[in-house]
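Enquirer: what's the 3D shape of this:
(2 chains)
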Amino acid sequence: MMSSLSSLHLPPLPKSNQSRRNVDKSSLPTEIPTTTTTDLLHNFNTSFELKQVHSHIIKTNQSYSILPLTRVASVCALSSSFDYARRIFERVEQAEILIWNSCLRSFAEGDSPINAIRLFYRLRQSNLHPDTFTCSFVLKACSLLLDLDNGKIVHGLVQKLGFQSDLFLQNTIVHMYARSGAINDARRLFEKMPQRDVVTWNIMITQLTKLGEIEKAHDLFDQMPERSVRSWTAMIAGYVQCGKPKEAIHLFAQMEEAGERPNEVTVVAVLAACADLGALDLGRRIHEYSDACGFRKNVRVCNTLIDMYIKCGCLEIAQRVFDEMEERTVVSWSAMIGGLAMHGQGEEALKLFSKMTQIGIRPNGVTFIGLLHACSHMGLITEGREFFNSMTRDYGIVAQVEHYGCMVDLLSRSGFLQEAYEFINNMPIKSNGVVWGALLGGCRVHKNIELAEEAIKHLLVLDPLNDGYYVVLSNIYAEAGRWEDAAKVRKLMRDQGVKKTPGWSSVTVDGEVHEFVAGDGTHPQVEEIYQKWDELLEQMKLRGYIPDTKVVLLDMDEDKKEQVLYRHSEKLAVVFGLMKTPPRTAIRIMKNLRVCEDCHSALKLISEIVDREIVVRDRNRFHCFKDGCCSCRDYW
DNA sequence: ATAGGGTTAG
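Expert: I've put the predicted structure just below:
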C-alpha cells in the first residue's frame, strides 16, 4: 500500500497518525474503535485503483472523480493516517465535509457500517462540522449495526447542532431507535413529531411488524393520511412474517382495489403468502404479472416463485423457473434441492448438489438441510453421515440444531434408534423438541416403546404444549394394544390443557377452496360424497384394500373404527375433487397434519383406479400418488 | 439522504 501511495506524488506521510486538534471528548465513549489496515484493504485492489486515480489526476489536472478518491480517503482515514487523507482532500476543489460524507455513505451502504462509525469518530476529532448528511449516514450505520449507544450519541449531536426539525433526520432517528430495540423511544418520538411524511409511517409500521406487533402496525396503517406502495407492501410482508398469510392476501386484494401497482417486494411477499397457503391460482397470476413487469430479472422474485411452486406441488414449473433464471444464487439452488427432497426426488436433489458445487457455488447451512432431508427420504445413512461431516470439514459450516434434527430423523427412520439416541446425547449444543420429536417418530415406525417413553420425557419439558407428540405416543400404545396407557396419555393431555389440533384437508375446485374436517357431515353435498366413496371402496377392496383400523386411536368396535376411518378429511377432499374436476386432471389437496397410513394406502389405490394424479401437501412434505404408488415410497 | 424482499429438519 505504501508504495502505491507514494506513486501518487502527494505530500509524504506524517509521522504520527494522531490528530492534535482540540476535541470535546465529553460526549465520546472512552474507547474509540480502531481498525487495521488489513481490514480495510480487504476487497480493495490497491495498486490498480490507486494508479487509476493517479493517472486521472495527472491527465485531467483536477479531481472530479469522487468515488476512487473516496476509497483512497477511506483507507487512509481509517488506517494509518487521518491527516494524510485530509491532505488529499485539500487538493480537491470541494468542501471537505462533502467528501467525508461520501466516505461515510459508502461505508454505511456497503458491507462495513462499523467503519462508518469509526470514521465518524475520526471526524469528531477534527474541527470539521458535520452537516445533516453526515448525521444521516452515521445513523444509518448505527441502525444496521443495532448500535443504540452510538445512535443515541448521534441523536444528541443532531440536537446540539440544531438539526432536530429536519424531517429526513427525524425519520432516520426513529428508524434507528425502532430497529435497535428501543421501539418505545421510537414511538414517543413518532408521537411528538410536528410533521410526518409517508416514510415516517412506513418506518413505524415495518418495525412494529418485525416485532410481531401486527395489530399496532395495522392501526397505524389505518390512521395514516396517505399510503404508498411501500406502505401496502410493509403491511402485507408483516402479515406473512407473523404467520398470517390469509390476512396478507386479503390486504393484497384491497391494495389492488385501491389501484396500487405491486412492485418486486410486494410480489415477493404475496408469493410467500401463496406458498404458505398453497394458493396456486393467485401464485400463477402473480407469476404472469411478474413476467409482464420484467420482475423475472430479479433473483429474489425468481427464488420466491420457485418456492411458491414447490410448496404448491408444481415441481416441474419450479424447475422451469430455475432453468430460465439468468443468474442463480445459493438460495435458488438450495430452494430447488430442498424442493426436490420434499417431493421425494432424492437422487435429483443429490445430482443438483453436485452440479452446484461443480460450477463453484458454495453451499450454506440451508443447502445441507435439503440434502440431509433427501438422504433421510432415501434411507441413505452413509451418504447422510458423510454430508453431515463434510459440511463442517469442507465448508466450515457449524451444524445447527436443525442439522441435528435431520440426522436424528435419518437415523431413527432407518431403524437405528439406539444410535439416534446416542447421537442426541452427544450433541454439543442444546437439543430441542424437533430433535426428540424425530426420535419419537422413528420409535413409532419401529415400535420401540421404551425409547418413545424416554423421548416424551424430554418433550414434556421442551415443548409441552405441542399436541403432536402426545398423539404419536398415544398411537404407539394403541398400536401395541396398550389401551390403558393410550388413555393415560390422553388424560395427560387434558391435564396439561393441550387439545389435539383437528385435522382438516382442503381441495381447490374452480378457484374455490373447499375445506373438510374429519367426520364432516356439514358439507352441502355430503350424501353425494359418501355415495361416491362407497363406490370407490368397493373397487378398492377388490384390489386388496384392508382398512387399517389401528390408526384409529379410540378403543371401539372394529366396525365403528372403519366408519371413523372412512370419514378422514383427506378422503372426503379427494372424493369431492374427483366429483368436481374433469377426468385425468390432477387433484391437489392440502392437509394441516400428516397423512395417516390408512389414507396413504387408500390414496395409492384410488390414484390407480381413477387414473388420476393426486398431490397431497401435508404438514411437512408432498405425496404424489400416481398409478398406485406414492412419490414418498412409503417413507415418511 | 430516510423505510422494504428469498431458501430451513418433524
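Enquirer: which SS class is whichever residue of the stretch 401-550 of chain A sits closest to DNA strand B?
Expert: Using CB to the nearest atom of the strand, the single residue of the stretch 401-550 of chain A nearest to DNA strand B is residue A:405, 2.6 Å away. Quick note: C-beta positions are derived from backbone N, CA and C, even for glycine. Following DSSP: H, G, I helix; E, B strand; the rest coil, we place residue A:405 in the helix state.
Enquirer: could you do residue A:516 as well?
Expert: Following three-state DSSP, we place residue A:516 in the strand state.
Enquirer: contact partners for it?
Expert: Residue A:516 sits next to A:504, A:505, A:506, A:507, A:523, A:569, A:572, A:573, A:576 when contact means CB atoms under 8 Å, 6 or more residues apart in numbering.
Enquirer: before we move on, what about residue A:352?
Expert: Residue A:352 sits in contact with A:333, A:336, A:337, A:340, where contact means CB under 8 Å, 6+ apart.
Enquirer: which of the helices or strands spans the nearest residue to the first one once chain neighbours are set aside?
Expert: Yep, that's residue A:333 we're talking about. Spatial nearest neighbour of residue A:333, chain neighbours left out: residue A:356 (4.6 Å); criterion: CB to CB, 6 or more residues apart in numbering. Using DSSP states H and E, the element containing residue A:356 is helix A:346-358.
Enquirer: that helix vs DNA strand B: in contact?
Expert: No - Helix A:346-358 is not in contact with DNA strand B by CB under 7 Å from any atom of the strand; minimum separation 11.4 Å.
Enquirer: hey, C-alpha coordinates of stretch A:414-423 in PDB?
Expert: Provided in PDB are the C-alpha atoms of stretch A:414-423 (Å, rounded to 0.1, in the frame of the first residue of the first chain):
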ATOM      1  CA  SER A 414     -34.000 -46.200   9.200                       C
ATOM      2  CA  GLY A 415     -34.300 -48.100  12.400                       C
ATOM      3  CA  PHE A 416     -31.000 -47.000  14.100                       C
ATOM      4  CA  LEU A 417     -32.900 -45.900  17.100                       C
ATOM      5  CA  GLN A 418     -30.200 -46.500  19.700                       C
ATOM      6  CA  GLU A 419     -27.700 -44.700  17.600                       C
ATOM      7  CA  ALA A 420     -30.100 -41.800  17.100                       C
ATOM      8  CA  TYR A 421     -30.500 -41.700  20.900                       C
ATOM      9  CA  GLU A 422     -26.800 -41.600  21.400                       C
ATOM     10  CA  PHE A 423     -26.400 -39.000  18.700                       C
END
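Enquirer: and it, is it in reach of DNA strand B?
Expert: No - Stretch A:414-423 stays clear of DNA strand B (CB under 7 Å from any atom of the strand), getting no nearer than 11.3 Å.
Enquirer: and what of stretch A:196-213?
Expert: Yes - remark: stretch A:196-213 sits within contact range of DNA strand B at A:197, A:198, A:199, A:202, A:203, A:206, A:210, by CB under 7 Å from any atom of the strand.
Enquirer: residues near the fifth one, how many?
Expert: When counting by other CB atoms under 10 Å, one arrives at 23 neighbours for residue A:203.
Enquirer: tell me how far residue A:552 lies from DNA strand B.
Expert: Distance, residue A:552 to DNA strand B, by CB to the nearest atom of the strand, to the nearest Å: 21 Å.
Enquirer: relative to residue A:601, how far out is the nearest residue to that residue once chain neighbours are set aside?
Expert: Among residues not flanking residue A:552 along the chain, residue A:561 sits closest, at 4.3 Å (CB to CB, 6+ apart). Note on residue A:561: its distance to residue A:601, by CB to CB, to the nearest Å, is 16 Å.
Enquirer: quick revisit: JSON lines for the contacts of residue A:516, including distance to DNA strand B and pLDDT?
Expert: Supplementary listing: the contacts of residue A:516 in JSON lines, determined by distance: CB to the nearest atom of the strand, whole Å; pLDDT from 0 to 100:
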{"residue": "A:504", "distance to DNA strand B": "18", "pLDDT": "90"}
{"residue": "A:505", "distance to DNA strand B": "18", "pLDDT": "92"}
{"residue": "A:506", "distance to DNA strand B": "19", "pLDDT": "90"}
{"residue": "A:507", "distance to DNA strand B": "22", "pLDDT": "91"}
{"residue": "A:523", "distance to DNA strand B": "30", "pLDDT": "85"}
{"residue": "A:569", "distance to DNA strand B": "19", "pLDDT": "92"}
{"residue": "A:572", "distance to DNA strand B": "24", "pLDDT": "93"}
{"residue": "A:573", "distance to DNA strand B": "22", "pLDDT": "94"}
{"residue": "A:576", "distance to DNA strand B": "28", "pLDDT": "95"}
